[in-house]
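S.K.: give me a 3D structure for the following:
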Amino acid sequence: MRPYEPSAYWEELLEREFSASGVGYPGLARSFNRAMYRSTSHAVAYALKAAGAGGTPGRVLDVGSGTGFWIDFWRRRGATEITGVDLTSTSVERLRRRWPEYDFLQADIGDTGAGLPEGQDTVSAMSVLLHIVDDARFRQAFANLAATLRPGGILVLVEAVVVHRWWGPPFGEEASSRARPLSDYRAALEAAGLELQILRPATVLLANVGDTRSAATFRMLSVYWNILTRIVGPRERLGAAAGTVLGGADLLAIHAARTGPSAKVLVARRAR
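M.R.: Here you go, the predicted model:
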């Protein structure tokens, strides 16, 4: 397999599949991916409320906008201004046509000169930083995100944070994502002048496993996910049925679990 090159990888993927499957799990039905995004958006709203940021988000910068799911999330929450940023021209061009009232920029959040607008009340980067596999660029991304926030502003992330342990194989140079320990996130946040306030599960049942206390639990959840994805595959009716059944259970699990075995929602605040 060829080494992961982010710009080419995401441009090709979004040109081929500009849908929830293009930014979620490419081999799974769009209906299932939409269910996963719905559950994650509930988890984000819950985490924002827990952090005391459940009101109007004000000026929002959404990084890694993809197909625009989180643009619509912030629009529905009453954002006064929205700016979207994506690595790909495909995303930027399509989102500009869909929402001409908002600004969309093409930029790489890992670059030292990303050129992002400052003075934002809220910045979101949903399932974005895990795809920056280089450690130096990962830390630079946090510095860039912090620089766009006003003092006291909120940063919201959905990330593959490992609170307990990753029991899977090592991540090779072909991997398009990387699960990192919570200590890496805390260090990057602190270096950027950001304080982590909330860490909650983004989903429990609608994404692959990446963080468990024991190898036995990791294997059990991996078997569950492998069976589920083989049954659903690209089949839209099965994806919709599985999404409906598991989506309801996932909402209960999000509230019950402290961290969960999959992606996490992180809410951080820039120092005043």
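
S.K.: hang on, residue 196 in a strand?
M.R.: Yes. The assignment for residue 196 (DSSP: H, G, I helix; E, B strand; the rest coil) places it in a strand.

S.K.: that one: what's its closest spatial neighbour, skipping adjacent residues?
M.R.: residue 268 (4.9 Å; C-beta to C-beta, 6 or more residues apart in numbering). C-beta: built from backbone N, CA, C; applies to glycine.

S.K.: tally up the residues packed near that neighbour, please.
M.R.: Counted with other C-beta atoms under 10 Å, residues neighbouring residue 268 total 27.

S.K.: next one: residue 258
M.R.: As a burial measure, residue 258 scores 8 neighbours (other C-beta under 10 Å).

S.K.: secondary structure class of the residue lying farthest from the centre of the chain, three-state.
M.R.: What lies farthest from the middle of the chain is residue 216; by C-alpha atoms, centre = their mean that is 26.7 Å. Three-state call for residue 216 (three-state DSSP): helix.

S.K.: quick one on the thing from earlier: surely the residue nearest to residue 196 forms part of a strand?
M.R.: Yes. Using three-state DSSP, the assignment for residue 268 is a strand.

S.K.: can you give me the strands for the stretch 101-250 of the chain?
M.R.: In the stretch 101-250 of the chain, the strands defined using DSSP state E, counting those that start in this stretch lie at 103-106, 120-126, 149-159, 161-162, 180-181, 194-201.

S.K.: so which elements touch the longest one?
M.R.: Yep, that's strand 149-159 we're talking about. Applying 3 or more C-beta pairs under 8 Å, 6 or more residues apart in numbering; DSSP states H and E, one finds that strand 149-159 contacts helix 30-50, strand 120-126, strand 264-270.

S.K.: quick one: which of the ones you listed is nearest residue 96?
M.R.: strand 120-126 (18.6 Å; C-beta to C-beta).

S.K.: that closest one: partners in the sheet, and parallel or antiparallel?
M.R.: Counting by DSSP bridges, the strands paired with strand 120-126 are strand 59-63 (parallel), strand 149-159 (parallel).

S.K.: pipe these into JSON lines and attach mean neighbour count per row.
M.R.: Shown next, in JSON lines, are the strands paired with strand 120-126 (neighbours: other C-beta atoms under 10 Å):
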{"stretch": "strand 59-63", "mean neighbour count": "26"}
{"stretch": "strand 149-159", "mean neighbour count": "21"}
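
S.K.: residue 176 is nearest to which of those strands?
M.R.: strand 149-159 (14.5 Å).

S.K.: pLDDT (mean, whole number) over that closest one?
M.R.: Across strand 149-159, the average pLDDT comes to 98.

S.K.: which residues sit against that strand?
M.R.: 40, 44, 47-48, 51, 53, 57, 118-130, 145-146, 180, 185, 194, 202, 263-272 (C-beta atoms under 8 Å, 6 or more residues apart in numbering).

S.K.: and the buried ones among those, selectable in PyMOL?
M.R.: This is the PyMOL syntax for the buried subset of these, where burial follows 16 or more other C-beta atoms under 10 Å:
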select buried, resi 40+44+47+48+51+53+57+120+121+122+123+124+125+126+127+128+129+130+145+146+180+185+194+202+263+264+265+266+267+268+269+270
